[in-house]
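Colleague: with the input below, show me the fold.
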Amino acid sequence: MRFIVDECVGPSVAEFLKEMGHEVISIFDEHRGMGDIDILKMALKKDYIVLTDDKDFGELVFKMKMSHKGIILLRLNDNRYKNKISVIKKLLLGYSGRLSGSFIVVTEDSVRITEHR
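Modeller: The predicted structure is shown next:
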């Protein structure tokens, strides 16, 4: 899979996904300071799923009706990178076929998928 890892998610998560064999653009490493709209446009153009913990992406998709190829919004109580990686591992194992084109909200205990393009 192809992921854009938002700056707020961090470089450790981006590195983990790369080690798992995914194509990854790390905003932290490659485009620090890039705005949410530009991230979403780049992801759409290059066919990447955005991985973020920034709720503004929900507003861009649902209120502003911006198109996307998939967004994973992490809403975690524990934002340390090890917990993020643990939650992402579970998500990839259980839902990998449903990530593309969906808006997904993930907590430590739940996954909510809205198919929305």
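Colleague: how far away is Met34 from Gly10?
Modeller: 15 Å (CB to CB, to the nearest Å). C-beta here means a position set from N, CA and C on the backbone, and glycine is covered the same way.
Colleague: show me which of the two is the more surrounded one.
Modeller: Gly10 (21 against 15; other CB atoms under 10 Å).
Colleague: hmm, Asn83 and the more buried one touching each other?
Modeller: No: using CB atoms under 8 Å, Gly10 makes no contact with Asn83, being 11.5 Å away.
Colleague: next up, the contacts around Arg2.
Modeller: Going by CB atoms under 8 Å, 6 or more residues apart in numbering, Arg2 touches 22-24, 46-49.
Colleague: among those, name the ones in helices.
Modeller: Lys46 (DSSP state H).
Colleague: which of the contacts of Arg2 are buried, as a PyMOL select command?
Modeller: To isolate the buried members of the contacts of Arg2 in PyMOL, using 16 or more other CB atoms under 10 Å:
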select buried, resi 22+24+48+49
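Colleague: so can I have TSV of the contacts of Arg2 showing pLDDT and distance to Val106?
Modeller: Listed next are the contacts of Arg2 as TSV, based on pLDDT from 0 to 100; distance: CB to CB, whole Å:
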residue	pLDDT	distance to Val106
His22	97	16
Glu23	98	20
Val24	98	18
Lys46	96	22
Asp47	96	21
Tyr48	97	17
Ile49	97	12
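Colleague: can I get the contacts of Arg2 in a markdown table with distance to Val105?
Modeller: Output for the contacts of Arg2, formatted as a markdown table (distance: CB to CB, whole Å):
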| residue | distance to Val105 |
| --- | --- |
| His22 | 20 |
| Glu23 | 23 |
| Val24 | 21 |
| Lys46 | 23 |
| Asp47 | 22 |
| Tyr48 | 19 |
| Ile49 | 14 |
